[in-house]
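# Following is a predicted model, sequence given first.
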Amino acid sequence: MDSTPEVVFIDKPFRVETLPLKDIYVLDNWLPSSLHYFYDTQISRANFWSKGNEVRGDSPTGLPHHQFWGVSILSGYDKNKRPMSVDDIEDKYTYFPRYLNKKLQTEFGFKWERFQFMGLNSQTQGLHGTCHQDCPPEDEWNISFLYYTNKFWEDSWGGDLRFYSTTEHGIHARDNNKEVASVKFKPNRLIMFDGRIPHGADAPTAKARYVDRKSVVVRGDEVRLVDKEEFYDANDRLSYI
C-alpha cells in the first residue's frame, strides 16, 4: 500500500468514484433493524456451520494460521456471470445473501467483474484471526466488505478488526507493533476497504462467555464502477440476483 489508511465513519453509502480505496469506511446501522434481526436469527439457528474457514501458510507443522467456524454461501461466477451458490447451502439461505450482495453493489455504485467469495465467519474465545490479505497485491480494483450481524455486543467483549502495515502471517503480527488502524466490533456495522490491506479480527474475550462474533464476508478481486441506471430493468425496478 502506498499510504497508511484512515478509518472514516460515514452516515450513508456513497458511490465509489476512484479505486483503489485509500481509506477504511465504516457505516453503522446499515440495515433496517427488522432485516438485521431477521438475518442474525436465520443464521444463528442454521445447522450449516463447520470449523473450516482457514488461513494457511508455510509452517513446517502444516497447521493453519487460524481456523474459524464458517459457511461458504456464494463463490465465483456461473456462465451467466452470477455468483454461484455453494452446493450444500439450501436456497432459503442464499436468497437474503444475494439481496445483500446486490444492495452493496447498488449503494456503492459498482459491479463485480471478478467476484471471489461471500460467506460467514463465527469466532468464539481463542479463535483470533491472524494477519492476512483478501486478494493479490496486483488487484488494485478490488473491494472487501465485512458486515456484523450480532444483535448485541459489549465493548468489553473485544472482537476488534485490526489492520497492519505489512503482511506477517501468524499470530506474531498482533504482537509486533505493526498495527496501523482498528475498528471495534459493533452490531449492524458495515466496513468497506481495500482487501490488499493486511488485517485480522480478534476473538471475543472471556467476558463474552459463550457468545460468538459473527460476520458476513463479501469480496471480489476486481470491480467495475457503473451508473445507477445499470441496476434497473426496463420497468425501472431494481433487479436483485
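Yep, it's here.

# helix or strand right after the lowest-mean-pLDDT helix or strand in the chain?
Of all helical and strand segments in the chain, the minimum by mean pLDDT, DSSP states H and E falls on strand 50-55, at a mean of 70. Sequence-wise, the next helix or strand downstream of strand 50-55 (DSSP states H and E) is strand 66-77.

# just checking, what packs against that following strand?
strand 50-55, strand 83-85, helix 95-108, strand 110-123 (3 or more CB pairs under 8 Å, 6 or more residues apart in numbering; DSSP states H and E). All C-beta spots, glycine's among them, are computed from the backbone N, C-alpha and C.

# could the ones you listed go into JSON lines alongside mean neighbour count?
Shown next, in JSON lines, are those (neighbours: other CB atoms under 10 Å):
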{"stretch": "strand 50-55", "mean neighbour count": "14"}
{"stretch": "strand 83-85", "mean neighbour count": "20"}
{"stretch": "helix 95-108", "mean neighbour count": "18"}
{"stretch": "strand 110-123", "mean neighbour count": "20"}
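
# so which of these gets nearest Ser72?
Nearest to Ser72 among the helices and strands packed on strand 66-77 is strand 110-123; the distance by CB to CB comes to 4.5 Å.

# Can you give the strand pairings for the closest one, parallel or anti for each?
Strand 110-123 sits in its sheet next to strand 66-77 (antiparallel), strand 213-225 (antiparallel), going by DSSP bridges.

# how far off helix 95-108 does that strand point, in degrees?
Here strand 110-123 points in a direction 130 degrees away from that of helix 95-108 (axes from the mean of the first three to the mean of the last three CA atoms, to 10 degrees).

# What is the subsequent helix or strand relative to strand 110-123?
strand 143-148.

# for the record, mean pLDDT for that following strand?
Over the span of strand 143-148, the pLDDT mean works out to 98.

# Which residues does that strand contact?
16, 19, 21, 30, 100, 104, 108, 110, 134-135, 161, 185-195, 213-220, 223 (CB atoms under 8 Å, 6 or more residues apart in numbering).

# Could you rerun that using 7 Å?
21, 30, 104, 110, 134, 161, 185-193, 195, 215-220, 223 (CB atoms under 7 Å, 6 or more residues apart in numbering).

# okay, it in CSV with CA atoms only?
C-alpha atoms of strand 143-148 as CSV (Å, rounded to 0.1, in the frame of the first residue of the first chain):
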residue,chain,number,x,y,z
ILE,A,143,-13.3,-4.2,-2.7
SER,A,144,-13.8,-6.1,0.5
PHE,A,145,-16.8,-5.8,2.8
LEU,A,146,-17.5,-7.0,6.4
TYR,A,147,-20.9,-6.9,8.0
TYR,A,148,-21.5,-7.7,11.6
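
# residues of that strand that come out buried?
143-148 (16 or more other CB atoms under 10 Å).

# quick one: contacts for Gly195?
Gly195 neighbours (CB under 7 Å, 6+ apart): 133-135, 142, 144, 219.

# picking that back up, who wins for proximity to Leu35 among the strands paired with strand 110-123?
strand 213-225 (12.4 Å).

# Tell me how confident the model is about the closest one, as a mean pLDDT.
97.

# Now find how far off-centre that strand is within its chain.
Chain-centre distance of strand 213-225: 5 Å, with CA atoms, centre = their mean, to the nearest Å.

# One more: stretch 126-141?
Distance, centroid of stretch 126-141 to centroid of chain: 11 Å (CA atoms, centre = their mean).

# In that stretch, which residues are buried?
Applying 16+ other CB under 10 Å to stretch 126-141 flags 127-135, 139, 141 as buried.
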